[in-house]
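> Fold the following and give me the result.
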Amino acid sequence: MRLSISIVVVLMYTFVARLASAHPASGIVVDARGQVFFLDTGEPGGFRGVIWRIDSQANLTAVHDSGGHFLALDPDSVFGRADLGGWFRGKRTQWLERVAVPRSKSSLIQADGSPIVMGRDGGLYYASAEQLERAGVEQIARLAADGTLRTPTPTLPAIAKKFGGIRGLAFGQGGDLYVAYENAVQKITSTGVTTLVDNITVKDCDVDVPSEGRPPLLRGIAVDSRGVVYAAATGCHRVIRITGNKVETVLKAERPWSPTGIATFGDDVYVLEYTNPHGNAKEWRPRVRKIKRDATVATLVTISPADRARVGAAR
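Numbers count the residues shown, from 1 in each chain. Model prediction:
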């Protein structure tokens, strides 16, 4: 069954961009060499954002001169020759941008409108708003490198609507797709959709949500090699771990910081955090922390005004 893309894309982009603009970036990925890439959203009327890289020696480098909200790693550059800009202008897809990774066969794909993730099947999966009047994105589109679009989950909107719309996407190593909502996580397999946990309660939640949000207000999500789910509980200033139907806190962020994005690499969990994620965009500033297997936490980098000024001066 092919995805119906009959909406005027300019209007669709305006709709999903409005959703995205209410929060800072959640995009963070780790490549095969252990390099961490994350998005700095920037601020309205000022610094326009950047994609940062933290290499294996903990050096910080700007690798792209603008930053969106969502990020996917294309490890084999399957979309290296894809006409992403043309597909957007032709009303086929949401806005997507490919960014080459220096000295690597890999590339990055960033988006503004909705969460995105690369599948092991070579497809790019992203949340898609099929009806503009809905207050959230409730369907998943699979985009192939040749521009083919299809809907792998035709029954998902009825389910996703109940949970308030899709907030994060991740693949497990077995090829199952995991979906984060405000207070639920689901797994999509070839046989259907399973709810892993809903009505999530974070016992030590430091509640901080906008008026339309429901705690823990999940955002970014990742799955490790053992099938353990990690999620950014942005509305609780926490990172939670979901094992079966058990939910526990594995990281606490002190205000004004709160997790927005998650990535896993080996036994380590990488966490993108922002200051005041539900406040004015001029208050947003990112940092990255790492949770090691022994549960110790290290701050890898905190983006300072000087870091942004250095990039801005080079533009």
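> Just confirm Leu196 contacts Val229, I think it does.
Yes. With contacts counted by Cβ atoms under 8 Å, Leu196 reaches Val229, the gap being 6.9 Å. For the C-beta atoms, the positions are set from N, CA and C on the backbone; glycine is no exception.
> The two: which is more packed in?
Using other Cβ atoms under 10 Å, the more surrounded residue of Leu196 and Val229 is Val229, with 24 against 17.
> list the contacts for the residue nearest to that one when sequence neighbours are not counted?
Nearest residue to Val229 in three dimensions, chain neighbours excluded: Ile242, at 4.1 Å (Cβ to Cβ, 6 or more residues apart in numbering). Each residue near Ile242 by Cβ atoms under 8 Å, 6 or more residues apart in numbering is listed here: Val185, Leu196, Val197, Val228, Val229, Tyr230, Ala231.
> related to what we said a few turns ago, can you list residues touching both of Leu196 and Val229?
Tyr178, Val185, Ile242.
> Assign the last one to helix, strand or coil.
Under DSSP: H, G, I helix; E, B strand; the rest coil, the three-state class of Ile242 is strand.
> next one: the first one
Under three-state DSSP, the three-state class of Tyr178 is strand.
> Dump the C-alpha coordinates for the strand or helix carrying Leu73 into CSV.
According to DSSP states H and E, Leu73 maps onto strand 70-74. The C-alpha coordinates for strand 70-74 follow below in CSV (Å, rounded to 0.1, in the frame of the first residue of the first chain):
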residue,chain,number,x,y,z
PHE,A,70,16.0,15.5,13.9
LEU,A,71,19.0,13.5,12.7
ALA,A,72,19.7,10.1,11.2
LEU,A,73,22.9,8.3,10.3
ASP,A,74,23.1,6.8,6.8
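> what mean pLDDT does the next helix or strand after it have?
Using DSSP H and E, the next helix or strand after strand 70-74 towards the C-terminus is helix 84-89. Averaging pLDDT along helix 84-89 yields 95.
> which residues touch helix 84-89?
Val9, Tyr13, Thr93, Gln94, Trp95, Leu96, Glu97, Arg98, Ile109, Gly147.
> at 7 Å what do you get?
Val9, Thr93, Gln94, Trp95, Leu96, Glu97, Arg98, Gly147 (Cβ atoms under 7 Å, 6 or more residues apart in numbering).
> Determine which two of these are furthest apart.
Val9 and Arg98 (18.0 Å; Cβ to Cβ).
> if we can go back for a sec, which per-residue confidence value corresponds to the residue nearest to Val229?
98.
> Same check on the one 3 residues further on?
Confidence at Asn245, expressed as pLDDT, is 88.
> ok, it - how many residues close by?
9.
> Offset the numbering so it begins at 10, please.
From this message on, residue numbering opens at 10, which makes the last subject Asn254.
> beta partners of the closest residue to it other than its chain neighbours?
Of all residues not flanking Asn254 in the chain, Val206 sits nearest, at 5.2 Å (Cβ to Cβ, 6+ apart). Beta-bridge partners recorded for Val206 (DSSP bridges): Val194.
> now Val206: how far from Val194?
6 Å (Cβ to Cβ, to the nearest Å).
> one step back: out of the contacts of helix 93-98, flag the one nearest to Phe172.
The closest of those to Phe172 turns out to be Gln103 (Cβ to Cβ; 20.9 Å).
> mind checking which helix or strand that closest one is in?
Going by DSSP H and E, Gln103 is not in any helix or strand.
> One more: Ala318?
helix 314-323.
> and Pro166, backbone torsions?
phi -50, psi -40 (degrees, to the nearest 10).
> residues near it, how many?
21.
> Contacts only, for the closest residue in space to it that isn't next to it in sequence.
Of all residues beyond its chain neighbours, the one nearest Pro166 is Glu147 (4.2 Å), with distances taken as Cβ to Cβ, 6+ apart. For Glu147, the contact set (Cβ under 7 Å, 6+ apart) comprises Leu165, Pro166, Ala169, Lys170, Gly174, Ile175.
> Likewise for Ser123?
Val25, Phe79, Gln103, Tyr135, Ala136, Ser137, Val146.
> Can you name the two of these that sit furthest apart?
Phe79 and Ser137, at 12.8 Å, using Cβ to Cβ across those.
> Sheet-wise, list the partners of the helix or strand containing Ala150 with their directions.
Secondary structure assignment for Ala150, by DSSP H and E: strand 148-152. Here strand 148-152 is paired, per DSSP bridges, with strand 133-137 (antiparallel), strand 158-159 (antiparallel).
> among those, which is the most enclosed?
strand 133-137 (a mean of 25; mean count of other Cβ atoms under 10 Å).
> Now tell me what touches that one from outside.
12, 81, 88, 103, 118, 120, 123-128, 146, 148-152, 175, 178, 186.
> quick one: which of the contacts of Glu147 is nearest to Ser220?
Gly174 (15.9 Å).
> wait, that closest one sits on Gln148?
No. Contact criterion Cβ atoms under 7 Å: Gly174 and Gln148 do not qualify, at 10.0 Å.
> quick one: the helices in the stretch 110-259 of the chain?
165-171 (DSSP state H, counting those that start in this stretch).
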